[in-house]
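Undergrad: Below are the sequence and a predicted model; questions follow.
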Amino acid sequence: VHLVDIVRKVKPTILIGRSTHASWFTVDVVKTLKDGVERLIILLLSNPSKLFEAHPEDIWKWSDGKALIATESSFGRLEM
């Protein structure tokens, strides 16, 4: 079972990254989540930041600017 399949079935409104599986939140996962909600929330809380499930800038692009993104580590300014 892949994460995108779980997102399709469960239709969550938030994803919380604590897995330390780098790149686990793929473009397909984010777009599937986006399709089910008006405003999605993704929390990237894995540490260190190299183990984040996705990069905040990628999430922003993949969600068409609809994601509220919070991180535990600083990534600097997100260009919108």
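TA: Nice, I can see it. Owing to the predicted nature of the structure, the values given are computational and were not obtained by experimental measurement.

Undergrad: State the distance from the residue positioned nearest the centre of the chain to Val4.
TA: By CA atoms, centre = their mean, the chain has its centre lying nearest to Ile42, at 4.6 Å. Distance, Ile42 to Val4, by CB to CB, to the nearest Å: 14 Å. C-beta here means a position set from N, CA and C on the backbone, and glycine is covered the same way.

Undergrad: Any regions of the chain where pLDDT drops low?
TA: Flagging of the chain using pLDDT under 70 yields the residue ranges 76, 78-80.

Undergrad: And the helices in it, which stretches?
TA: 3-10, 27-36, 56-62 (DSSP state H).

Undergrad: Can you add distance to Glu72 and give these back as a markdown table?
TA: Formatted as a markdown table, the entries for the helices of the chain read as follows, by distance: least, CB to CB, whole Å:
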| stretch | distance to Glu72 |
| --- | --- |
| helix 3-10 | 20 |
| helix 27-36 | 19 |
| helix 56-62 | 11 |
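
Undergrad: Compare those and report which one is nearest to Ser19.
TA: helix 3-10 (9.5 Å; CB to CB).
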